[in-house]
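Undergrad: Provide a 3D model corresponding to the input given below.
(chains A and B)
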Amino acid sequence: MSEPASEQVLRVDAYPTHEVGGYRVRAGKPFPFGANVVPGGVSFSVFSDQATSMTLVIYKRGEPEPMAELEFPQEFRTGSVFAMTVFGLDHENIEYGYRADGPYDPVTGHRFDARQVLSDPYARLIAGRDVWGVEPDRSRGYQYRSRVCLQDFDWGDDTPLGIPAEDLVVYETHVRGFTRHPSSQVTAPGTFAGLREKIPYLKELGINCIELLPVFEFDESDNPRTNPETGEQLFDYWGYNTVSFFAPKAGYAATGRYGMQGDEFRTLIKDLHAAGIEVILDVVFNHTAEGNEQGPTISFKGLDNATYYMLTPEGYYFNFSGTGNTVNCNHPVVRNFVLDCLRHWVADYHIDGFRFDLAAILGRSADGTPLPNPPLLELLAYDPVLRHTKLIAEAWDAGGLYEVGNFPAYGRWAEWNGKYRDTVRSFLKGDPGITGELATRIAGSPDLYSTRGTSASVNFLTAHDGFSLADLVSYNDKHNEANGEGNNDGGNDNASWNCGAEGPTDDPGVNALRLRQMKNALAVLFTSQGIPMLLSGDEVARTQQGNNNTYCQDNELSWFDWSQVDENSELLRFTREMIAFRRRHRELRSTSHPTGQLRDTLGLPDISWHGERAWQPDWSAESRLLAVARCGTGDDDVVYAAMNSHWEAHDLELPALPGGRSWHLFADTGAEAPYDIRTPGAELELENAGKYLIGPRSVVILVGRTPDAEL
Amino acid sequence: MTLNVKERRNKAGTVLVATGEINSETSGSLLQSLLPLVREGRPLRIDLTAVTYVSSAGLRTLLVVYREAQHAGVAVTLYGVSEEVRFVMSATGFLDFFSTGEAESAAAKAAAKTAAKAAR
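TA: Purely as a prediction, here's the structure:
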């Protein structure tokens, strides 16, 4: 074996060559960007195309005034990169930033201001918002302070799980909201460490991938509004307003006050992997927290405004994100920034994939025109480090570009399928004229993804943005008054139905229908082809009291209430069994779209459509009943799902089965618990083989198998 | 704050009693004290009863010791980890690497009291 690491190797570049401001320094290495610990010192490297001079500003940790300001000597500049190694720094106890001098001329895009200390775009740790919700000292001149970070986490034998995309069951959640509620009973509520304590719950639920709302450093206090009813401070709770792209949010770590958020987050990921759960990050490259011309200067604006942002010919900010500014994603330098950032999260944090917020912007050119062959999207698709990560686009933006089914995929990109959401919601509430499109959606949307396969479609009915599942069946209209915007924020087109009363009710009939509608939604979601995504808490009927835009609500409206795990155990059990059922039946996860062709072994097509009569689907506008049978791809069983959104019951004629198989009942949402669902493999054989009465607004799932093929 | 270390040998192995903070400033000297003990090959106990704070760099140093010990086939145990330090080590995953035990010596407990007084 080689000698231990403690054997020191002396290198020429471990010695200073210059002195600047009383500090011993030498020229640094331009790459990698950021602050990197090197023998004897720290190497700082920062890019600015138009800066005339650059100064490194160093603070003792937490001090208001700098302890040193070191201007980069001209000979330390390579191209447009300023790089310097400073010796003798205690890397753990310093914070740093830059002053960039250059032209201030907004019309030509330049906003240099050497009075401002700027965060390093490549900072791997940020200080300044170390504990969630602590009121910051805004009188300090430098708010978001870059810190040096060692990259030496001991991953042990952690390796990527490499779960095939079609096998994923994604669980969208929020680091803080998942365990912040007092009922969570974790050691450190609202943190990475708290989430880690809930891994057994996730495992038992059966999901194998969590998708985290933004975890890059953002400023939760960056919201001037208050709740008009209570006067309480509102937050930027969701975090779609990135301050620093390489730094995990300190306020999400129980150890953020010690600057150990990186280790805490990595430990969470390591343990999730050990539990068979992948981690996808929701990333926001379409805009930054710097806003428009009125917004703060944090980093990019002062380092190279014209490079990083899309600007109008007059020097104003294009706003395709709806938040003030738009990142100039397809600029060659910015492309590399995005690539470096994602590589960092994959290599240094073992992240398994990314969901890109308003990803349509990533396909726009510098003037906003959609590009036919966007270089950034292609770069990410083929990058060696990202090669096996999941890439999921939110394929629309606030500028009106809607690319669902049309996102430049390069054989790699999947999409949040907004059309799936809209169609299934509309069907469930009983709208007419939907049955035909429902068939297309549950078969993996072949109209949208014919060349990309079913796993290009991330199917979801609810997400952080919009109603929760419980609210989808409890409210006709949004109720966002607590957001302080006069109920004008949030989407109006929800395709929701309150089942007969708006909001909470004591009416047992309404409540029973709501529970059934939630089960119907889950039954359709988990028997559809494509990647299912479940919103955290929907499995226990989490409510936001009708608020469909809780971006600013750091309270019970957003938090997962763990008392509901017991209170809504019936729905939780239903969800668990549905997920387990999906895992058991490969035909539900087939990567290729079904063709309707006969399969040799069984004599049944891979997919067939049925109505009240077997083999006779009713595609008419008034039809609210559709049944689909899928035939196995190896295990030779058949899954039949009948979906009835009609307010009346229907007699179903079941298709005949070959080879001694008979129909077995897995789920009937019209039945009382515990008969609403069974453990996969222990389904009950039907007494009347050819018929089944499906109740009003119900979903029935049957399995065609030989009677002795039970567990 | 400084870090003081004292070593004590008994039949079962070597005990190193640390007093103070383990951070980027003090961890270098701690490592210099610990590495020769690891290389001796005797079971090593690190008594942290009187350690009030362990920083990120400090935890890394302890992990280096653990890896060196693994390399040498030596058992390393941390003793007397305070509640706060234990919490940080647990949240950041470092605790998973170590065997831990209660503080064993009267001397360590006395040192802890002294350290606590100094901290006030």
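Undergrad: tally of neighbours for residue B:86?
TA: 15 (other C-beta atoms under 10 Å in any protein chain shown). Heads up, the C-betas are built off the backbone N, CA and C, glycines and all.
Undergrad: scratch that, residue A:14
TA: Neighbour count of residue A:14, defined by other C-beta under 10 Å: 15.
Undergrad: one more: residue B:76?
TA: Residue B:76: 24 neighbours (other C-beta under 10 Å).
Undergrad: so the closest residue to residue A:245 other than its chain neighbours is in which element?
TA: Distance criterion C-beta to C-beta, 6 or more residues apart in numbering or on different chains; nearest residue to residue A:245, sequence neighbours excluded, is residue A:341 at 4.8 Å. For residue A:341, the host element (DSSP states H and E) is helix A:332-349.
Undergrad: before we move on, the earlier item: isn't the residue nearest to residue A:245 up against residue A:246?
TA: Yes: between residue A:341 and residue A:246 there is a contact under C-beta atoms under 8 Å: 6.0 Å.
Undergrad: who has more neighbours out of the two?
TA: Using other C-beta under 10 Å, the more surrounded residue of residue A:341 and residue A:246 is residue A:246, with 23 against 19.
Undergrad: wait, what's in contact with the more buried one?
TA: Residues near residue A:246 by C-beta atoms under 8 Å, 6 or more residues apart in numbering or on different chains: A:34, A:121-124, A:216, A:341, A:344.
Undergrad: wasn't it part of a strand?
TA: Yes: according to DSSP: H, G, I helix; E, B strand; the rest coil, residue A:246 belongs to a strand.
Undergrad: neighbours of the residue nearest to it when sequence neighbours are not counted, how many?
TA: Using C-beta to C-beta, 6+ apart and skipping residues adjacent in sequence, the residue nearest residue A:246 is residue A:124, 5.0 Å away. Residue crowding around residue A:124 was assessed by other C-beta under 10 Å; the count is 21.
Undergrad: residue A:124 touches residue A:34, doesn't it?
TA: Yes: between residue A:124 and residue A:34 there is a contact at 6.5 Å, judged by C-beta under 8 Å.
Undergrad: got the residues of chain A near chain B?
TA: A:1, A:4-6, A:90-93, A:150, A:152, A:154, A:187-188, A:191-193, A:253-255, A:258-260, A:263-264, A:266-267, A:270-271 (C-beta under 8 Å from any C-beta of the partner chain).
Undergrad: now with 6 Å?
TA: Residues of chain A lying near chain B by C-beta under 6 Å from any C-beta of the partner chain: A:4, A:6, A:90, A:92, A:193, A:254-255, A:260, A:263-264, A:267.
Undergrad: what residue in chain A comes nearest to chain B?
TA: Using C-beta to the nearest C-beta, the point where chain A gets nearest to chain B is residue A:267, with a distance of 3.2 Å.
Undergrad: who's in contact with residue A:362?
TA: Counting by C-beta atoms under 6 Å, 6 or more residues apart in numbering or on different chains, residue A:362 touches A:329, A:376-377.
Undergrad: for it, what are phi and psi?
TA: phi -70, psi -10 (degrees, to the nearest 10).
Undergrad: likewise residue A:319?
TA: Torsion angles, degrees, to the nearest 10, at residue A:319: phi -130, psi 70.
Undergrad: could you check the pLDDT of it?
TA: You'll see residue A:319 listed with a pLDDT of 94.
Undergrad: can you give me the strands in chain B?
TA: B:3-10, B:13-22, B:44-54, B:76-79, B:99-101 (DSSP state E).
Undergrad: quick one: closest of the ones you listed to chain A.
TA: strand B:44-54 (8.5 Å).
Undergrad: that closest one pairs with which strands?
TA: Sheet pairing of strand B:44-54 (DSSP bridges) gives strand B:13-22 (parallel), strand B:76-79 (parallel).
Undergrad: list the contacts of whichever residue of chain B sits closest to chain A.
TA: Residue nearest to chain A within chain B (C-beta to the nearest C-beta): residue B:93, separated by 3.2 Å. Residue B:93 makes contacts with residue A:267, as judged by C-beta under 6 Å, 6+ apart.
Undergrad: that older thread, need the strands of chain B in TSV (columns: mean pLDDT).
TA: Shown next, in TSV, are the strands of chain B (pLDDT from 0 to 100):
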stretch	mean pLDDT
strand B:3-10	92
strand B:13-22	94
strand B:44-54	94
strand B:76-79	93
strand B:99-101	84
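Undergrad: ranking those by burial, who's on top?
TA: Sort those by mean neighbour count, taking mean count of other C-beta atoms under 10 Å in any protein chain shown, and strand B:44-54 sits at the top with a mean of 24.
Undergrad: which elements pack onto the helix holding residue A:341?
TA: Packing partners of helix A:332-349 (3 or more C-beta pairs under 6 Å, 6 or more residues apart in numbering or on different chains; DSSP states H and E): strand A:242-248, helix A:375-382.
Undergrad: quickly list what the residue nearest to the spatial centre of chain B is bridged to.
TA: Central residue of chain B (C-alpha atoms, centre = their mean): residue B:46, 3.9 Å from the mean position. Beta-bridge partners for residue B:46, by DSSP bridges, are residue B:16, residue B:78.
Undergrad: I figured it was touching residue B:14, is that so?
TA: No: applying C-beta atoms under 6 Å as the test, residue B:46 and residue B:14 come out as separate, 9.5 Å apart.
Undergrad: so, low pLDDT: which residues of chain B?
TA: The model of chain B has pLDDT under 70 over residues B:1, B:102-120.
Undergrad: how about the residues of it near chain A?
TA: Contact residues (C-beta under 6 Å from any C-beta) of chain B with chain A: B:24, B:35, B:55-57, B:68, B:88, B:91-93.
Undergrad: next step: the residues you listed restricted to helices.
TA: Among the residues of chain B next to chain A, the members falling in helices (DSSP state H) are B:35, B:56-57, B:68, B:88, B:91.
Undergrad: coming back round to it: ok, now which ones touch the residue of chain A closest to chain B?
TA: Residue A:267 makes contact with B:92-93 under the criterion C-beta under 6 Å, 6+ apart.
Undergrad: for it, give me the pLDDT.
TA: We have a pLDDT of 98 for residue A:267.
Undergrad: pull the CA atoms of the helix or strand harbouring it into PDB?
TA: Using DSSP H and E, residue A:267 sits within helix A:261-274. Extracted C-alpha coordinates of helix A:261-274, given in PDB (Å, rounded to 0.1, in the frame of the first residue of the first chain):
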ATOM      1  CA  GLN A 261     -23.900  22.300   5.800                       C
ATOM      2  CA  GLY A 262     -21.900  20.500   3.000                       C
ATOM      3  CA  ASP A 263     -21.000  17.600   5.200                       C
ATOM      4  CA  GLU A 264     -24.600  17.400   6.600                       C
ATOM      5  CA  PHE A 265     -26.100  17.400   3.100                       C
ATOM      6  CA  ARG A 266     -23.700  14.800   1.900                       C
ATOM      7  CA  THR A 267     -24.400  12.600   4.800                       C
ATOM      8  CA  LEU A 268     -28.100  12.800   4.000                       C
ATOM      9  CA  ILE A 269     -27.400  11.800   0.400                       C
ATOM     10  CA  LYS A 270     -25.100   9.000   1.400                       C
ATOM     11  CA  ASP A 271     -27.800   7.500   3.700                       C
ATOM     12  CA  LEU A 272     -30.600   8.000   1.100                       C
ATOM     13  CA  HIS A 273     -28.500   6.000  -1.300                       C
ATOM     14  CA  ALA A 274     -27.900   3.300   1.200                       C
END
